[in-house]
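**Student:** requesting a structural model of the entry that follows:
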Amino acid sequence: MNEKTRFASATTHDQFREIAQLAREIWTEHYTPIIGSAQVAYMLDKFQSEAAIKEQVDEGVLYYLIKYDGAPAGYVSVYKKNTALFLSKFYVHKSMRGKGIGKLALGLVQQKAVEMDCDRIALTVNKHNTGSIKAYDKLGFENKGPVVIDIGEGFIMDDFAFEKKISN
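**Tutor:** As a prediction, the model looks like this:
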C-alpha cells in the first residue's frame, strides 16, 4: 500500500480552486495536442473551473482531490447514473505518474461503486487518447463503442464509451 497517497472529498472553495488549477495544468499538457488549445480552454471554463466544479458538487457529483506526500497529484470525480458509477474525471499530474496513484484511485472508485450499489463503472475517453485507452483495456474495461457529444460553441467530444462490471 502506498502510504504517501491521500484522497480528500472536495467540498470547499479552496479544494475546488486547487482542482481547477490541476485541471488547467493537466489538460493543457495532455489534451492540447489531441483536441487543440481552443477546445481545451472552452472545456476548462465550462467543466473544470472553480465555479463549474462547485456547481457539479452541489448537484451531487463527488470530487476527490488526490495528494501525494502532501502535494497535489490529481483528482477524480464520479456520480451515479442509473445502475452505473460514471467516472467523469480521472487525472493524475504528469509529474506524479508512475507512483501507483492511478491504481489506488481506481480502487477508491470501485469502493464508491459498491457503496452506491452500482453494478459497473462507466466512462468515456477521447478516441485519440491512445495511452488512456490502453490503460483502461489493461484494467479490464470493455470498449462499448463510439459516443459523440455536442458540448456547445461548435465543439464535440468524440469518445469511446468504456465499462467495467464490478461485483458487490
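
**Student:** pLDDT averaged over stretch 35-48 - what is it?
**Tutor:** Here stretch 35-48 scores 97 as its mean pLDDT.

**Student:** again but with stretch 153-166, I slipped
**Tutor:** pLDDT averaged over stretch 153-166 gives 96.

**Student:** in that stretch, what's buried?
**Tutor:** 155, 157, 159-160, 162-164, 166 (16 or more other C-beta atoms under 10 Å). C-beta coordinates here come from the backbone N, C-alpha and C atoms, glycine included.

**Student:** do stretch 138-155 as well
**Tutor:** Those would be 141, 155, for stretch 138-155 by 16+ other C-beta under 10 Å.

**Student:** who touches that stretch?
**Tutor:** Applying C-beta atoms under 8 Å, 6 or more residues apart in numbering, the contact partners of stretch 138-155 are 38-39, 42-43, 46, 106, 121, 123-124, 127, 133, 136-137, 156-164.

**Student:** including secondary structure and distance to V147, could the buried residues of stretch 153-166 go into TSV?
**Tutor:** Formatted as TSV, those follow (DSSP: H, G, I helix; E, B strand; the rest coil; distance: C-beta to C-beta, whole Å):
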residue	secondary structure	distance to V147
F155	strand	15
M157	strand	8
D159	strand	5
F160	strand	7
F162	strand	10
E163	strand	12
K164	strand	16
I166	coil	21
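
**Student:** now do the contacts for L62.
**Tutor:** L62 neighbours (C-beta under 8 Å, 6+ apart): 9, 77-79, 112.

**Student:** kindly report the same for V78.
**Tutor:** With C-beta under 8 Å, 6+ apart, V78 has these contacts: 61-62, 85-88, 109, 112-113.

**Student:** who wins for neighbours among those?
**Tutor:** Tallying neighbours with other C-beta atoms under 10 Å puts L85 at the head of those, with 26 neighbours.

**Student:** is it true that that residue lies in a strand?
**Tutor:** Yes - L85: assigned to a strand according to DSSP: H, G, I helix; E, B strand; the rest coil.

**Student:** and the strand or helix carrying K103, what's buried?
**Tutor:** Assigned by DSSP states H and E, K103 falls within helix 101-115. Neighbour counts over helix 101-115 (16+ other C-beta under 10 Å) mark 101-102, 104-106, 108-110, 112-113 as buried.

**Student:** and those as CSV, adding pLDDT and distance to D14?
**Tutor:** CSV is the format used below for the buried residues of helix 101-115 (pLDDT from 0 to 100; distance: C-beta to C-beta, whole Å):
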residue, pLDDT, distance to D14
I101, 94, 21
G102, 91, 24
L104, 94, 23
A105, 95, 21
L106, 93, 26
L108, 96, 21
V109, 97, 23
Q110, 96, 28
K112, 97, 23
A113, 97, 28
